[in-house]
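Engineer: Everything below, folded, please.
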Amino acid sequence: MGSWIERTIVLAATLAVVGCDQASDDAPATVSDSAGVRVITSSTPAPDLGWRLERIRDLSSPDSALTAVPWGVVADEASQTVFVMDWTGTRVSVFGPDGAWQRDIGRGGEGPGEFSNPSAATINPDGRLLVWDSGRQVLSTWSESGELLAESRQTLDFWGPGFGVVNGNLVTVVNEEAAGPEESLQSLVVLSQYGGSEALLTLDVAQNPVDLPCLPSGFMAPPILAPSIVWTAADGEIAFGVGSGYRVDRWEAGEVRSSVRRSVEPIRVTQAVASRAMEVGPGPYAAFMERCGVSASVVLNAVGHVDEVSPVLWVAIDPLDRLWVTTTTDGIAPTGIDVFDSDGTLLTTFTHDAAVVGFAATDRVVTIRTTELGATVVSIEELIGESTAPGVDKSADTFRDCESCPEMVTIPAGVATIGTPTSDLSGARSADRPAWSVAAEAPRVEIEVPSFDIAAFETTFAEWDACVSAGGCTHTPDDGGWGRGDRPVIHVSRPDAEQYVAWLSEVTGHTYRLPSEVEWEYAARAGTTTDRWWGDELGSGRAVCDGCGSEWDDERTAPVGSLPPNPFGLHDMLGNVSEWVSDCWVPDHSVRPLSPEPAVAESEAFVGGVCRWPVQRGGAWSFYPWTTRVAQRGFYHPGNWTSRDSDAVGFRVVREIPAG
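Structural biologist: Here you go, the predicted model:
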């Protein structure tokens, strides 16, 4: 069998699976245990949360010749970068968080760092890109910047859909010859340390003899809409579709832990559906028609089609451990998304015309769809709607004053509750916390705050570099080797930050500045009364600090927006980088102005018109967990107020709303 036919047959067998009828009866969802497996069957309609995916950008290379398959698209949540294995272009195309093309990795060829057919990829836990080249039978490892780190030749047939790395073990689908001459096997296997294997699921795939004038005698091919294993791997677990019904099992720590099911029958495949799938869907069948000069009906009669298909089109796991199942109602194109919570509860269902294949962030979704002409299109889409993260309203409106300006959120007027009551200071203590920092949170005061605009994200390197390019900022800070783009700018002093807001004010005609402590704490608290906007306990995965339970903890900054926002729609108000504010240090709140204005003249550190102890708020990636509290206050080292040596301090901006 020629290599081009092998590639296109696998493409057809995997992409052309079909979706489900969303109709359901009135029986309640049930939960039961079966042989130690938690089975969750949903038969009632899902609640409508008003979710939708809004397309930000279709991914396109400079030559507009990008070819993609679902298992060849991978997103790195740490950098929000998307990698597309372009198997016809023999390259890996790299796209930024906004979907803009950044660069290509590799080139066509048979040597080290070259590709013959890059067909699948995954992100290692260490953040490196792992690429399978099915043409060279080589597994290669690449740095985030595109440097070849290692490659090794493999003997397994990885021609199933994709592979991943789970707890140091390689997971993939392999193809094997079955005992009968007209069948083959697909097996989803876990390869322990790339050695011994465990099969999680095995699927028989029929191979029919195809009698067409342009093909060699004895040529075998799968029938149209032949099934293939649908699966994904993320954060130590694997989710995979089972059988022809609506069933997705979740495997973790060596065994199946839960099984999500819906009361939906398999879809019957008619001649009309098979014919349309052959003509407009991916795969070799349209090529058969063109190459052999025959009609669709001739190819259909020669190849045949399956009688029914599974209602599950594709599965993905998001950063909040929710399961996303892409479905369809017409047997060809995706038309719906079901979202299940980590415990198997069906959260919501909404319509959509593309399959969800990955996540660059909680609200940055990577999708793939097939056009009417059979081309595949990868897109970056934004998740919009209420409660897209627990306790969070993601429907807040944002705006920018210019293309390179920060994304802003309007904060409503209200009463800011600042600080910690003296009676509660004992709860703010920590063994590794100095006493002065505890006392600095008292007393609690209430201050009326008018409406203002504040940046949804910490100022990024991309935004700072735009200021440098325009001549508004004179300092080019070092990124510490972590990357620029959407990572928060670091190695900037507060005078540098003041220079940036002055430039923003000049180019926009609006008054930009650093927030005061009162504005910052009001925005960070976002109407809550607890130590953190999500509650009193630190929990896990809500912030980036030394012990906050994120993948970046005590290692480096995270790309802005990697974690859920607070109820005002603001990201990283706690952790990631500590943020400059406009106040000069005062020892506690008893001497601050009872207004939103910054404490300046009241500070003993304000000398000769200069603040020697500028204030910073919010904790950082390398700071202790107690710093990630809304009321916590800190200042930069005395005498070093112009220092640029910190890789843990950045800032966000405020825009004043004119009176009236």
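Engineer: From what I see, Pro70 and Thr367 are in contact.
Structural biologist: No. If you go by Cβ atoms under 8 Å, Pro70 and Thr367 don't touch, sitting 9.6 Å apart. All C-beta atoms are positioned from the backbone trio N, CA, C, and that covers glycine.
Engineer: and Ser275, that one's in a helix?
Structural biologist: Yes. Assigned with DSSP: H, G, I helix; E, B strand; the rest coil, Ser275 falls within a helix.
Engineer: how about it, what does it touch?
Structural biologist: Ala296, Ser297, Leu300 (Cβ atoms under 8 Å, 6 or more residues apart in numbering).
Engineer: pLDDT check: weakest of those?
Structural biologist: Note: of those, the lowest pLDDT belongs to Ala296, at 77.
Engineer: sorry, back to before: wait, which of the contacts of Ser275 is closest to Ala46?
Structural biologist: Leu300 (35.9 Å; Cβ to Cβ).
Engineer: how about that closest one, phi and psi?
Structural biologist: phi -60, psi -40 (degrees, to the nearest 10).
Engineer: wait, isn't Val248 in contact with Val260?
Structural biologist: Yes. Using Cβ under 8 Å, Val248 is in contact with Val260, at 4.8 Å.
Engineer: anything in contact with each of these two?
Structural biologist: Common neighbours of Val248 and Val260 (criterion: Cβ under 8 Å, 6+ apart): Leu323, Val325.
Engineer: between these two, who's got more neighbours?
Structural biologist: Counting neighbours by other Cβ atoms under 10 Å for Val248 and for Val260 shows that Val260 has the greater number, 26 against 23.
Engineer: So which residues of this protein form helices?
Structural biologist: Using DSSP state H, the helices of the chain run over 3-15, 271-280, 285-292, 296-303, 435-439, 461-469, 494-508, 517-525.
Engineer: Just send those helices back as JSON lines, with distance to Ser562 too.
Structural biologist: As requested, the helices of the chain are exported to JSON lines (distance: least, Cβ to Cβ, whole Å):
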{"stretch": "helix 3-15", "distance to Ser562": "30"}
{"stretch": "helix 271-280", "distance to Ser562": "37"}
{"stretch": "helix 285-292", "distance to Ser562": "41"}
{"stretch": "helix 296-303", "distance to Ser562": "46"}
{"stretch": "helix 435-439", "distance to Ser562": "27"}
{"stretch": "helix 461-469", "distance to Ser562": "15"}
{"stretch": "helix 494-508", "distance to Ser562": "22"}
{"stretch": "helix 517-525", "distance to Ser562": "17"}
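Engineer: Which stretch among these is buried most, on average?
Structural biologist: Burial of the helices of the chain is given as mean neighbour count (mean count of other Cβ atoms under 10 Å); helix 517-525 ranks first at a mean of 25.
Engineer: I figured Ser258 hits Thr41, correct?
Structural biologist: No. The criterion here is Cβ under 8 Å, and Ser258 misses it with Thr41 at 11.5 Å.
Engineer: Please identify every residue contacting each of Pro70 and Thr367.
Structural biologist: With Cβ under 8 Å, 6+ apart as the test, Pro70 and Thr367 both reach Ala355, Val357.
Engineer: in stretch 206-213, what counts as buried?
Structural biologist: Using 16 or more other Cβ atoms under 10 Å as the test for burial, stretch 206-213 gives Ala206, Gln207, Asn208, Val210, Leu212.
Engineer: Residues touching that stretch, excluding its own?
Structural biologist: Stretch 206-213 is contacted by residues 182-184, 218-223, 226, 288, 292, 294, 298-299, 302-304, 306 when judged by Cβ under 8 Å, 6+ apart.
Engineer: Only the C-alpha atoms, please, for it, written as CSV.
Structural biologist: Taking Å, rounded to 0.1, in the frame of the first residue of the first chain, the C-alpha atoms of stretch 206-213 are listed here in CSV:
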residue,chain,number,x,y,z
ALA,A,206,-12.6,-4.1,8.7
GLN,A,207,-10.5,-3.9,5.5
ASN,A,208,-12.5,-4.5,2.3
PRO,A,209,-11.0,-5.4,-1.1
VAL,A,210,-11.4,-2.4,-3.5
ASP,A,211,-11.8,-3.2,-7.2
LEU,A,212,-11.2,0.1,-9.0
PRO,A,213,-9.3,0.5,-12.3
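Engineer: Ser562 - nearest residue in space that isn't next to it in sequence?
Structural biologist: Ala361 (5.6 Å; Cβ to Cβ, 6 or more residues apart in numbering).
Engineer: what residues are up against that neighbour?
Structural biologist: Glu77, Gln80, Pro97, Pro319, Pro559, Gly561, Ser562.
Engineer: Quick check: the third one touching Gln80?
Structural biologist: Yes. The pair Pro97 and Gln80 qualifies as a contact (Cβ under 8 Å) at a distance of 3.7 Å.
Engineer: Arg153 contacts Gln137, correct?
Structural biologist: Yes. Between Arg153 and Gln137 a contact is recorded at 5.8 Å, counting by Cβ under 8 Å.
Engineer: What is the burial count for Glu176?
Structural biologist: Counted with other Cβ under 10 Å, residues neighbouring Glu176 total 10.
Engineer: ditto for Asp647
Structural biologist: 20.
Engineer: What segments of the stretch 351-500 of the chain are strands?
Structural biologist: Using DSSP state E, counting those that start in this stretch, the strands found in the stretch 351-500 of the chain span residues 355-361, 364-370, 376-384, 386-389, 392-393, 398-399, 408-411, 414-418, 445-449, 452-455.
Engineer: okay, those, which one's buried deepest?
Structural biologist: Highest mean neighbour count among those (mean count of other Cβ under 10 Å): strand 355-361, a mean of 26.
Engineer: got the CA coordinates for it in PDB?
Structural biologist: Below are the C-alpha coordinates for strand 355-361, written out as PDB (Å, rounded to 0.1, in the frame of the first residue of the first chain):
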ATOM      1  CA  ALA A 355     -14.500  20.000  17.200                       C
ATOM      2  CA  VAL A 356     -12.700  21.000  20.300                       C
ATOM      3  CA  VAL A 357      -9.200  19.500  20.200                       C
ATOM      4  CA  GLY A 358      -7.200  21.400  22.900                       C
ATOM      5  CA  PHE A 359      -6.900  24.400  25.200                       C
ATOM      6  CA  ALA A 360      -4.300  27.200  25.200                       C
ATOM      7  CA  ALA A 361      -6.000  28.400  28.400                       C
END
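Engineer: Just checking: what are the partner strands of it?
Structural biologist: Applying DSSP bridges, strand 355-361 is found paired with strand 364-370 (antiparallel).
Engineer: So what's the gap between the strand it pairs with and the chain middle?
Structural biologist: Put simply, strand 364-370 sits 12 Å off its chain's centre (Cα atoms, centre = their mean, to the nearest Å).
Engineer: if we look at it, which residues are touching it?
Structural biologist: Defining contact as Cβ under 8 Å, 6+ apart, one finds that strand 364-370 is touched by 15, 53, 68-70, 73, 75, 80, 82, 97, 280-282, 333-334, 352-360, 376-383, 561.
Engineer: how does it look with 6 Å?
Structural biologist: 53, 70, 75, 82, 353-359, 376-379, 381, 383 (Cβ atoms under 6 Å, 6 or more residues apart in numbering).
Engineer: for stretch 547-566, same thing?
Structural biologist: If you take Cβ under 6 Å, 6+ apart as the criterion, stretch 547-566 is touched by 79-80, 361-362, 389, 392, 457-458, 460, 482, 486-488, 526, 533, 540-541, 544, 546, 571, 573, 575-576, 621-622, 625.
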